[in-house]
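> Structure here, sequence nowhere to be found:
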């Protein structure tokens, strides 16, 4: 389970040290890909495989489904964390998420997101305002 918010640094080689409390769960490898909100998504391999099956089941005749496939698969990069818990974030992914030095790692139960601090602060202000959460919870009946 991935919970919490952590400030980390991306080194000059493009490596991000994952939070220590996550490392055992990620020792089998991770997949990092583009997120919908201009952040990066990090999945343990088992969670990625489940998601990949769901995405692959979407109809190729549906344009939004094809675009979602492209977003998720064409930008995906698999990695095995090194002994210090670092994973390489390829340049194209760092550029996509606007990452240059500092990063916020946010745990979202089954996966993580990696944000630039500025983008995270903007997103956090939105969800902390309560308007999006209340709307969504009402739709779900929560």
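Perfect, I can see it now. The model shown is predicted, which means the values in this text are computed figures rather than measured ones.
> what sits against residue 57?
Under the criterion of Cβ atoms under 8 Å, 6 or more residues apart in numbering, residue 57 has no contact partners. C-beta: built from backbone N, CA, C; applies to glycine.
> tell me the pLDDT at it?
For residue 57, the pLDDT comes out at 95.
> what separates it from residue 82, distance-wise?
34 Å (Cβ to Cβ, to the nearest Å).
> Compute the mean per-residue pLDDT across the helix or strand hosting residue 139, please.
Using DSSP states H and E, residue 139 sits in helix 131-140. The predicted model assigns helix 131-140 a mean pLDDT of 68.
> what's the answer for stretch 28-36, then?
Mean per-residue pLDDT for stretch 28-36: 95.
> residues of stretch 39-50 that come out buried?
For stretch 39-50, a neighbour-count test (16 or more other Cβ atoms under 10 Å) marks 39-44, 47-48 as buried.
> start to end distance for it?
The separation between the terminal residues of stretch 39-50, taken as Cα to Cα, to the nearest Å, is 21 Å.
> Going forward, count from 16.
Shifting the count to begin at 16 puts that one at stretch 54-65.
> and it, how far from the chain's centre?
How far stretch 54-65 lies from its chain's middle: 8 Å, per Cα atoms, centre = their mean, to the nearest Å.
> what does the model give the residue nearest in space to the middle of the chain for pLDDT?
Residue closest to the mean C-alpha point of the chain, counted by Cα atoms, centre = their mean, is residue 56 at 1.4 Å. At residue 56, the model reports a pLDDT of 97.
> which intervals of this structure have sub-threshold pLDDT?
Counting by pLDDT under 70, the ranges of the chain that qualify are 145-152, 157.
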